[in-house]
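**Student:** Pasting the sequence and the predicted coordinates here, then a few questions.
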Amino acid sequence: MSRHRFEAAVEVAVAALGPSRGKDLVGLLAKQRSRERTLIELATPGVAAAVAEVYDAMEVEAVPLAEAAAYARGYVAAVLRARDRVQVRTVWSGPSSSAVPVRATAQVLIEVIDQAHEELLAMTYAARPYPALTRALTEATSRGVETHIVVETLAGARGLLSGREPADAFASVPGLRLWHWARDRSAPFQSRQHAKLAVADRRTLFLGSANLTESASRRNIEAGVLVSGGEAPRRAAEHVVELQRLGILQPMDAVGSKSASRRP
């Protein structure tokens, strides 16, 4: 018997929840929890409507809870398997080439942010206010994504950056946590935080030459790669988290990130 509405509802709900919380939905269905109880248990911003639709579709298409749990379990497992498949694609800013189709930096960067459901980590050297980026980051934090950005400071750049602090580009994003590289200023050598990357949920990594600025994303010639699945996104995120844990990367108290605590 066809279950088109129910199957579509599960797809939307798991996309909104992410695989981890999707497993929680499976468990609640298996325990035959009511719609009201499930909505309380999965109280995450932006997911209530999607979860409610699962129950609506179950009622309309007469899907028993045990069958619903089995289908959702299989769907989450398929999502996890697909996530582990590795895809590597090139990304460019600047002039296009009809001979070699590529993804545009601005488009890919926003897509990576939009894909995050649990965690978003990013690093940049320079940063300037960029409305499309600010909007995507604000939407991410509003749906509960733990968002951390590592930026260079004017002092750390030692004269190679001018104007306002790069961190100021993100000051309007509520809930976003900003970090910087705490270096020994008495050291005889100069070093800079020059990494540019974004990692969504430890499964999608965008790595390249572009800073988090509109000029880098849209006008300059910049090159990068988008890695989906495999170990590279996870290992990149783990490295950033470990640098935070060790205190090499520290919160920028001046812009409101007081907490240095991190998950393991």
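**Tutor:** Cool, got the structure. Nothing here was measured: the structure is a model prediction, and the numbers come from that model.
**Student:** tell me the mean pLDDT for stretch 196-205?
**Tutor:** Average pLDDT, stretch 196-205: 96.
**Student:** Do me a favour and get the end-to-end distance for that stretch?
**Tutor:** By Cα to Cα, to the nearest Å, the extent of stretch 196-205 from end to end equals 11 Å.
**Student:** what does that stretch rub up against?
**Tutor:** 18, 83, 109, 112-113, 115-125, 206-212, 224, 226-229, 232-234, 236-238, 240 (Cβ atoms under 8 Å, 6 or more residues apart in numbering). C-betas here are computed from N, CA, C, even on glycine.
**Student:** again with stretch 9-17
**Tutor:** For stretch 9-17, using Cβ under 8 Å, 6+ apart, the contacting residues are 22, 24-25, 42, 44, 46-47, 50-51, 53-54, 56-57, 68, 71-72, 75-76, 79, 117.
**Student:** any idea how far residue 237 is from the closest residue to residue 114 other than its chain neighbours?
**Tutor:** In space, residue 114 comes closest to residue 136 once its chain neighbours are excluded; the distance is 6.1 Å by Cβ to Cβ, 6 or more residues apart in numbering. Residue 136 sits at a distance of 18 Å from residue 237 (criterion: Cβ to Cβ, to the nearest Å).
**Student:** before we move on, back to that, near the residue nearest to residue 114, how many other residues are there?
**Tutor:** 19 (other Cβ atoms under 10 Å).
**Student:** please begin residue numbering at 26 from this point
**Tutor:** Shifting the count to begin at 26 puts that one at residue 161.
**Student:** three-state assignment of it?
**Tutor:** helix (DSSP: H, G, I helix; E, B strand; the rest coil).
**Student:** Mark which of the contacts of stretch 34-42 are part of helices, please.
**Tutor:** 47, 49-50, 75-76, 78-79, 81-82, 93, 96-97, 100-101, 104 (DSSP state H).
**Student:** does residue 199 really touch residue 163, like I thought?
**Tutor:** Yes - here residue 199 reaches residue 163: they are 7.1 Å apart, a contact under Cβ atoms under 8 Å.
**Student:** Look at these two and report which has more neighbours.
**Tutor:** The residue with more neighbours, out of residue 199 and residue 163, is residue 163; 18 against 10, by other Cβ under 10 Å.
**Student:** Where do the helices of the stretch 176-289 of the chain begin and end?
**Tutor:** Along the stretch 176-289 of the chain, the stretches classed as helices by DSSP state H, counting those that start in this stretch are 179-182, 239, 256-270.
**Student:** And stretch 190-203, how far out from the chain middle?
**Tutor:** Relative to its chain's centre, stretch 190-203 lies at 16 Å (Cα atoms, centre = their mean, to the nearest Å).
**Student:** From the opening residue of it to its closing one, how far?
**Tutor:** Start-to-end, stretch 190-203 (Cα to Cα) is 12 Å.
**Student:** Counting by contacts, list what the helix or strand bottoming out on mean pLDDT in the chain packs against.
**Tutor:** Ranking every helix and strand in the chain by mean pLDDT, DSSP states H and E puts strand 128-129 at the bottom, with a mean of 80. Secondary structure elements in contact with strand 128-129, counted by 3 or more Cβ pairs under 8 Å, 6 or more residues apart in numbering; DSSP states H and E, are strand 112-117.
**Student:** quick one: the strand it packs on to helix 256-270, angle?
**Tutor:** 70 degrees (axes from the mean of the first three to the mean of the last three Cα atoms, to 10 degrees).
**Student:** Strand partners (parallel or antiparallel) of strand 112-117?
**Tutor:** strand 128-129 (parallel), strand 248-253 (antiparallel) (DSSP bridges).
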